[in-house]
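**Q** need a 3D model of the following:
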Amino acid sequence: MHLLFLTSQFPYPPRQGGSLRSWGLISTLARRHDVSLLAFGDPSEAAASPVRDLFRVMGVVPEPPPRAMSHRLRGLFLTSQPDMALRLESAAYRRSLINLLTLHRFDLVLIEGIEMALFLDVVEQACPRPRALFDNFNCEYLLQKRAFLTDIRYPWRWHGALYSLVQWRRLRRYEASVCRRADFVVAVSEADADALRALVPGLSPTVVPNGVDVSAYDPQIPPAPGMGAHALVFTGKMDFRPNVDAVLWFAEEVLPRVRREVPDAHFWVVGQRPHPRLASLRGNPAVTLTGYVDDTRPYIAGAAVYVAPLRIGGGTRLKLLEAMAMERAVVATRLGAEGYEVRDGKELLLADDAETFAQAILTLLRDPDRRAALGRSARRFVEHRYDWSVLAPRIEGLLG
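**A** Okay, here's the model as predicted:
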């Protein structure tokens, strides 16, 4: 088959959730099919990429500049479209996609994430019209609903709650419309599939969980310099609201409880573009904000315990699979582990309140053998269920 991927960023090297998922699908499906790509990114960097020859056709369009705050504020009141339907609007990308669909015949166009769904109309107007697959990285309306329900509890975050309330309502309409129009809808978990079925009665999403190339995660790589014996690690894009909330909650509510028992425990927050809300953590000697790093794996390798203290979100968290593939002992909230068929005490430890979360970490810090056994079990779990060689064929199964 000839497959065309539409992505919001050039997927290689895969550095964060969206590109990790897209690259997993692309690299696995390319073993048996012709794969083409139209991505946002830096055209000169893409032209020099070592994976450029993987694609039958490759196009890269510069990402549009961020919308000014004044435009975003006007959009809060003067449009019915959610922000995610507006952020990547690009006449240049539209022209490139029209040219691709005119010059080449594709069996399937894979729309990677809801931010790329605004180009579905171009696919619909193509002649002949290829089938379209909407790969929904998160059930976005559910994510905003959960953000609203979290922020509304704190008066100093009511402005964020108002934003989420507006986006939640708009995303319900927009996400439902995209799901109805696409030929195939893919969700990353059964929970997300259920939420989409509630949104669009009669919809039959296919579940293709997030995955990893397990062979790319060597548990024996050296840790990043400066990491101590009791490093607690979180990785993720640090201007993403659920990650910001998770880090602040952990640093303020959980970490002090851990350090009362283990004074040298240190929290490493590894990820690009730390949000201004995290500025208060820079003066905390027990916390390190790394900012952008070329490779998160040495930091995961240095974790005594990997933490996923998420309280907002949808979909599934690739960061969890990366840590498990690296044989790290993991403590997560149930929301943080949502969508994965993990068992508390077998592949990781689950905890939802600050005291229980801290006690789970302390249990592991005091028992190196338990940490090692949990890590080995976690890696086996990922190898058997979430390696891309197991997951990618589900896309092929749709086309039968």
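**Q** who are the packing partners of the helix or strand where V382 lies?
**A** Secondary structure assigned from DSSP states H and E places V382 in helix 368-385. Using 3 or more CB pairs under 8 Å, 6 or more residues apart in numbering; DSSP states H and E, the elements in contact with helix 368-385 are helix 318-325, helix 354-365. (Glycine included, C-beta is placed from N, CA and C.)
**Q** low-confidence ranges in this structure?
**A** Scanning the chain for pLDDT under 70 picks out the ranges 17, 67-78, 313-316, 400.
**Q** and the helix or strand harbouring R146, which residues are buried?
**A** R146 belongs to helix 140-151 when assigned by DSSP H and E. Neighbour-count burial for helix 140-151 flags 140-148, 150-151 (criterion: 16 or more other CB atoms under 10 Å).
**Q** tell me how far the longest helix seen in the chain is from the chain's mean position?
**A** Secondary structure of the chain read by DSSP state H shows that its longest helix is helix 158-181. Mean-position distance between helix 158-181 and its chain equals 19 Å (CA atoms, centre = their mean, to the nearest Å).
**Q** contacts for that helix next, please.
**A** 76, 80-85, 114, 117, 120, 124, 132, 134, 136, 139-141, 144-145, 147-148, 151-152, 185, 196, 199-200, 203, 205, 241 (CB atoms under 8 Å, 6 or more residues apart in numbering).
**Q** report the inter-axis angle for that helix versus helix 140-151.
**A** Angle, helix 158-181 to helix 140-151, by axes from the mean of the first three to the mean of the last three CA atoms, to 10 degrees: 160 degrees.
**Q** send me whichever helix or strand comes after helix 158-181 as CSV with only the CA atoms.
**A** Sequence order places strand 184-187 as the next helix or strand after helix 158-181, per DSSP H and E. Provided in CSV are the C-alpha atoms of strand 184-187 (Å, rounded to 0.1, in the frame of the first residue of the first chain):
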residue,chain,number,x,y,z
PHE,A,184,-11.2,5.1,10.3
VAL,A,185,-10.7,6.4,13.8
VAL,A,186,-7.9,5.2,16.0
ALA,A,187,-7.8,5.7,19.8
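**Q** wait, a strand at L4?
**A** Yes: judged by DSSP: H, G, I helix; E, B strand; the rest coil, L4 forms part of a strand.
**Q** that one: neighbour count?
**A** By other CB atoms under 10 Å, 26 other residues sit near L4.
**Q** what segments of the protein are strands?
**A** 2-7, 34-40, 58-61, 108-112, 131-136, 184-187, 206-207, 231-235, 266-270, 287-291, 305-308, 330-332, 349-350 (DSSP state E).
**Q** one step back: give me the buried entries from the contacts of helix 158-181.
**A** By neighbour count, with 16+ other CB under 10 Å, those hold 82-85, 114, 117, 120, 132, 134, 136, 139-141, 144-145, 147-148, 151, 185, 196, 199-200, 203, 205, 241 as buried.
**Q** coming back round to it: nearest to L97, of the strands of the chain?
**A** strand 34-40 (5.8 Å; CB to CB).
**Q** parallel or antiparallel, which strands does the closest one pair with?
**A** With DSSP bridges as the test, strand 34-40 is paired with strand 2-7 (parallel), strand 58-61 (parallel).
**Q** now do the same contact list for the residue lying closest to L374 once chain neighbours are set aside.
**A** Counting by CB to CB, 6 or more residues apart in numbering, L374 lies nearest to A329, which is 4.4 Å off, once chain neighbours are set aside. For A329, the contact set (CB under 8 Å, 6+ apart) comprises 304-306, 348-349, 364, 370-372, 374-375, 378.
**Q** ok, back up a step: most tightly packed of the strands paired with strand 34-40?
**A** Ranked by mean neighbour count under mean count of other CB atoms under 10 Å, the strands paired with strand 34-40 are led by strand 2-7, which reaches a mean of 24.
**Q** so how far is R87 from P64?
**A** Going from P64 to R87 by CB to CB, to the nearest Å gives 8 Å.
**Q** my bad, should have said V331
**A** V331 is 33 Å from R87, by CB to CB.
**Q** more neighbours: which of those two?
**A** V331 (27 against 16).
**Q** quickly list what that one is bridged to.
**A** Counting by DSSP bridges, V331 is bridged to V307, L349.
**Q** may I have the helix holding R146 exported as PDB, CA atoms only?
**A** Included here for helix 140-151 are C-alpha records, laid out as PDB according to Å, rounded to 0.1, in the frame of the first residue of the first chain:
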ATOM      1  CA  GLU A 140      -9.000  16.000  23.600                       C
ATOM      2  CA  TYR A 141     -12.500  17.000  24.900                       C
ATOM      3  CA  LEU A 142     -12.000  14.700  27.800                       C
ATOM      4  CA  LEU A 143      -8.600  16.100  28.600                       C
ATOM      5  CA  GLN A 144     -10.000  19.600  28.700                       C
ATOM      6  CA  LYS A 145     -12.900  18.500  30.800                       C
ATOM      7  CA  ARG A 146     -10.500  17.000  33.300                       C
ATOM      8  CA  ALA A 147      -8.400  20.100  33.300                       C
ATOM      9  CA  PHE A 148     -11.500  22.200  34.100                       C
ATOM     10  CA  LEU A 149     -12.500  20.000  36.900                       C
ATOM     11  CA  THR A 150      -9.000  20.200  38.400                       C
ATOM     12  CA  ASP A 151      -8.500  23.900  38.000                       C
END
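**Q** quick one: residues in contact with it.
**A** For helix 140-151, contacts defined as CB under 8 Å, 6+ apart pick out 82, 84, 114, 157-158, 160-161, 164-165, 167-168, 171-172, 175, 192, 195, 199, 241-242, 245, 311-315.
**Q** buried only: go through those residues for me.
**A** Here, 16+ other CB under 10 Å leaves 82, 84, 114, 157, 160-161, 164-165, 167-168, 171-172, 175, 192, 195, 199, 241-242, 245, 311-315 buried among the contacts of helix 140-151.
**Q** how close does L6 get to L348?
**A** 34 Å.
**Q** no further questions, thank you.
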